[in-house]
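Engineer: quick one: sequence plus predicted model below, questions after.
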Amino acid sequence: MKNQLDTICAISTPRGNAALAIIRISGNETLHIVKQVTKTKVSLLKYNKMYKTTFYESERVLDEGMICLFKAPKSYTGEDMAELYCHGNDFTVSQVLESVLKYCRLAEKGEFTFRAFLNRKIDLTQAEAVGNLLNAQTKQAQKAALLQLEGRLYHKIKSTLDKLIELRILFELAIDFIEEEVPEFDSDKILIKINSILEELQVLINTAHDGIIAQEGIKICLAGAPNVGKSSVFNAFLETERAIITPIPGTTRDYLEERFSLNGYLIRLFDTAGIHESDDLVEQIGIERSLDIIQKADLVFYITSPDIDEKTNDDFIKSLPQEKTIKVLNKADLLPNRAMIHDYVLCSTITKDGLNGLKKDIISRFKNIDTELESGILTNARQLACVKNSYECLLKAKNAVQNEMGIDFITFDIQQASYALEEIIGRVSSDDILDRIFSEFCIGK
């Protein structure tokens, strides 16, 4: 980000024709700028109240609209702020913005929220939640973002961090007064405290997958041999002819991805190339990509059909991750006796049988996400990496205590565990991490 002492402005609503558009201003020169572009005696205006005004460029009238002033530190950014409401004609908005830009600079992506973070109006998890809320496509993603913005994750991290800092201070004081007569540590009590923190960190790690799913969607891969109807199932889920279907085996030579909402969850559905031995180079590349998607998927539907023999099915299933695989027998309308089939979800894209059952299976696998979101869970890979780092450092500290190693070693590992958690909420963060997070925001937020 550029100089944070600068006063900034930006259009905070989408460009194009609309009833209204909003231009935000934040910084020490806010009131002066409002006075210049509206010719209003701002000293007579009350904060957090709307006023009718006229926008000018020098003496030329640009538009009529409204203004609202916000006083530091009780504003979104923690600085003096103003919002200018003008008519949403793109030409008019641009002219008002140009008039404002004579006295300040254009904000960078996410700079308003970045200033809110710097001024301690929000922590880093809440800043990330703002970005997630802007990009939410489903009810689950929206809920996850709102709960994180509310501070659920922050309070959970802070609770664990407070215990870790208490432990850290104990050892740091011992080092500071190492020449004094300091009572010996009770290793058993120290280990109890460390184990308690490790358990809390492990819960965060265990539930992180569901938090990431809430934001990024459930990745479902349709896998199987060629010509078993994977693309038909793909189209049936989407209720559109997205994938090309022919009687010729190997029609799908690369994967397809489409997204749709199911009961408030974002579903990322992958139709993959049929997996089999092939001498075709293009087909081989498609099969390799399919195998990679299978490993990264949250759920795998193994699709087969009545004309595939049992041994082929068994061999294929053994190669799949068992804990996340659902076996699906497609073309069930061709079966002479359905009672003979075990452990398979019967499905027919012709009669539409079984599709609702597959959808229920998806929801049942992830039904705990709602409860976990309420308690506060990690929602991205950055947060997860920090918690894993903290866990590993604290585990080293535990081993150091058990092996009666020097106090310096124990203290260092506990400090590193603490720093890793502090990075999640932004107490300790490198510039490149902050730049990466806020660069994903739109200008004006």
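Structural biologist: On my side now, so go ahead.
Engineer: on the three-state scheme, Ile22 is what?
Structural biologist: Using DSSP: H, G, I helix; E, B strand; the rest coil, the three-state assignment for Ile22 comes out as strand.
Engineer: ok, now which ones touch it?
Structural biologist: Contact analysis of Ile22 by C-beta atoms under 8 Å, 6 or more residues apart in numbering lists Ile11, Ser12, Thr13, Glu83, Leu84, Tyr85. For every residue, glycine as well, the C-beta is placed using N, CA and C.
Engineer: as CSV, these with distance to Ser99 and secondary structure would be great.
Structural biologist: Converted to CSV, those look like this (distance: C-beta to C-beta, whole Å; DSSP: H, G, I helix; E, B strand; the rest coil):
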residue, distance to Ser99, secondary structure
Ile11, 13, strand
Ser12, 16, coil
Thr13, 17, coil
Glu83, 15, strand
Leu84, 10, strand
Tyr85, 15, strand
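Engineer: between those residues, which is closest to Ala145?
Structural biologist: The closest of the contacts of Ile22 to Ala145 turns out to be Ser12 (C-beta to C-beta; 18.1 Å).
Engineer: got the phi and psi for the closest one?
Structural biologist: When read as degrees, to the nearest 10, the backbone of Ser12 gives phi -100, psi 10.
Engineer: same thing with Thr349?
Structural biologist: Main-chain torsions, Thr349, degrees, to the nearest 10: phi -80, psi -10.
Engineer: how close does it get to Leu334?
Structural biologist: The spacing between Thr349 and Leu334, counted by C-beta to C-beta, to the nearest Å, is 12 Å.
Engineer: neighbour count winner among those two?
Structural biologist: Higher neighbour count among Thr349 and Leu334: Thr349, with 21 against 12, using other C-beta atoms under 10 Å.
Engineer: now do the longest strand anywhere in the chain: which elements does it pack against?
Structural biologist: Counting residues, the longest strand found in the chain (DSSP state E) is strand 60-70. Here strand 60-70 touches helix 30-38, strand 50-57, strand 81-88, helix 90-100, going by 3 or more C-beta pairs under 8 Å, 6 or more residues apart in numbering; DSSP states H and E.
Engineer: what's the separation between Asn227 and Cys86?
Structural biologist: Using C-beta to C-beta, Asn227 is found at 60 Å from Cys86.
Engineer: correction: Asp210
Structural biologist: Here Asp210 is placed at a distance of 43 Å from Cys86 (C-beta to C-beta).
Engineer: likewise for Thr411?
Structural biologist: Relative to Cys86, Thr411 is positioned 58 Å away (C-beta to C-beta).
Engineer: of the two, who's got more company?
Structural biologist: Between Thr411 and Cys86, counted using other C-beta under 10 Å, the more crowded position is Cys86 (23 against 20).
Engineer: rewinding a little: tell me which of the helices and strands packed on strand 60-70 lies nearest to Leu262.
Structural biologist: Using C-beta to C-beta, the helices and strands packed on strand 60-70 put strand 81-88 closest to Leu262, at 34.7 Å.
Engineer: what lines up beside the closest one in the sheet?
Structural biologist: Strand pairing for strand 81-88, determined by DSSP bridges: strand 18-26 (antiparallel), strand 60-70 (antiparallel).
Engineer: residues in contact with that strand?
Structural biologist: When contacts are defined by C-beta under 8 Å, 6+ apart, strand 81-88 is touched by residues 12-13, 16-26, 30-31, 33-34, 37-38, 50, 55, 62-70, 72, 75, 92-93, 96, 100.
Engineer: write a PyMOL command that selects only the buried members of those.
Structural biologist: Buried subset of those, written as a PyMOL selection, criterion 16 or more other C-beta atoms under 10 Å:
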select buried, resi 12+21+22+23+24+25+26+30+31+33+34+37+38+55+62+63+65+67+68+69+70+72+75+92+93+96+100
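Engineer: list the pairing partners of the host helix or strand of Tyr302 within its sheet, with orientation.
Structural biologist: Tyr302 is part of strand 299-304 when elements are defined by DSSP states H and E. Strand partners for strand 299-304, identified by DSSP bridges, are recorded as strand 218-223 (parallel), strand 325-329 (parallel).
Engineer: check the offset of that strand from the chain's centre.
Structural biologist: Averaged C-alpha coordinates place strand 299-304 at 26 Å from its chain's average position (C-alpha atoms, centre = their mean, to the nearest Å).
Engineer: and for that strand, what's in contact with it?
Structural biologist: 218-225, 228-230, 233, 294, 313, 316-317, 320-321, 324-330, 344, 358, 362, 365.
Engineer: still on that earlier bit, tell me the one among the contacts of Ile22 nearest to Leu149.
Structural biologist: Ser12 (17.3 Å).
Engineer: need the contact list for the residue nearest to the closest one when sequence neighbours are not counted.
Structural biologist: Leaving aside its sequence neighbours, Ser12 sits nearest to Gly444 (C-beta to C-beta, 6 or more residues apart in numbering; 3.6 Å). Gly444 makes contact with Ala10, Ile11, Ser12, Thr13, Arg24, Ala107, Phe112, according to C-beta under 8 Å, 6+ apart.
Engineer: go again with 6 Å.
Structural biologist: Going by C-beta atoms under 6 Å, 6 or more residues apart in numbering, Gly444 touches Ala10, Ile11, Ser12.
Engineer: over to Cys347?
Structural biologist: The neighbours of Cys347, taking C-beta under 6 Å, 6+ apart as the test, are Val328, Asn330, Ala332, Gly354.
Engineer: same check on Val34?
Structural biologist: So Val34 contacts Val42, Ala82 (C-beta under 6 Å, 6+ apart).
Engineer: possible to save the contacts of Gly444 as CSV with pLDDT and distance to Glu199?
Structural biologist: CSV is the format used below for these (pLDDT from 0 to 100; distance: C-beta to C-beta, whole Å):
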residue, pLDDT, distance to Glu199
Ala10, 96, 45
Ile11, 95, 48
Ser12, 93, 43
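Engineer: how about these in a markdown table, adding distance to Gln4?
Structural biologist: Putting these into a markdown table (distance: C-beta to C-beta, whole Å) gives the following:
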| residue | distance to Gln4 |
| --- | --- |
| Ala10 | 15 |
| Ile11 | 21 |
| Ser12 | 19 |
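Engineer: what's the closest of the residues you listed to Ala136?
Structural biologist: Comparing the contacts of Gly444 against Ala136 with C-beta to C-beta places Ser12 closest, at 17.7 Å.
Engineer: what distance do you get for that closest one to Val328?
Structural biologist: Distance from Ser12 to Val328, counting by C-beta to C-beta: 47 Å.
Engineer: looking at the helices and strands packed on strand 60-70, which is closest to Gln142?
Structural biologist: strand 81-88 (23.8 Å).
Engineer: which of the contacts of Cys347 lies closest to Gln416?
Structural biologist: Nearest member of the contacts of Cys347 to Gln416, counting by C-beta to C-beta, is Val328, at 46.7 Å.
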